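> Coordinates for the following, if possible.
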Amino acid sequence: MEEGDYCGRGFLGGGDEAMSGRKEPLKMVDISKKGVSHRTADAYGRIDLKRETVRAIREGIIDKGDPLAVAQIAAILAVKKTSEIIPLCHQIPITSIKVDFDVRDGSIEVGCHVEADYKTGVEMEALVGVSTALLPSGT
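Model prediction:
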């Protein structure tokens, strides 16, 4: 593949239709007739790191500060901003966000728990939260 070959045709060369086979325009799902219910979602992820990096995180000797504190705040903000990051997601009034870390010898595992009382689920919010938390966790 030559440079620029992906432009307008997708990486597989088939264009937008080849990606999904979809012919009709995209739209946000209408949830106006759905009832409000309590929604929860959990997402988990892991980043593999050098043992020296994990040791430095545990010992608090990372020059720029505590990457897990930054990751936790970043994850919470990302959950709240999911509808701005992922197209076609509804703005959801989040009621609870919990981000946990399990620091292991060669990795960090992240869990993100999200809750809301709304008409649609919070799975995307949990996934965006855990994905975002993994970024600064790798320092």
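> CA only for contacts and neighbour counts going forward, please
OK.
> wouldn't residue 68 be in contact with residue 136 here?
Yes - Residue 68 is in contact with residue 136 according to C-alpha atoms under 8 Å; the separation is 7.2 Å.
> Share the number of residues neighbouring the residue lying closest to residue 51 once chain neighbours are set aside, please.
Leaving aside its sequence neighbours, residue 51 sits nearest to residue 106 (C-alpha to C-alpha, 6 or more residues apart in numbering; 5.0 Å). Neighbours of residue 106 under the rule other C-alpha atoms under 10 Å: 14.
> try residue 65
Neighbour number of residue 65 under other C-alpha under 10 Å is 12.
> for it, phi and psi?
Note on residue 65: its backbone torsions stand at phi 110, psi -160 [degrees, to the nearest 10].
> Residue 68 and residue 136 - which one has more neighbours?
residue 68 (23 against 16).
> Now do the contacts for the more buried one.
Listed by C-alpha atoms under 8 Å, 6 or more residues apart in numbering, the contact set of residue 68 reads 101, 133, 136, 137.
> in whichever helix or strand residue 47 is part of, what counts as buried?
Taking DSSP states H and E as the definition, residue 47 sits inside strand 37-48. Residues of strand 37-48 classed as buried: 39, 40, 41, 42, 43, 44, 46 (neighbour count, 16 or more other C-alpha atoms under 10 Å).
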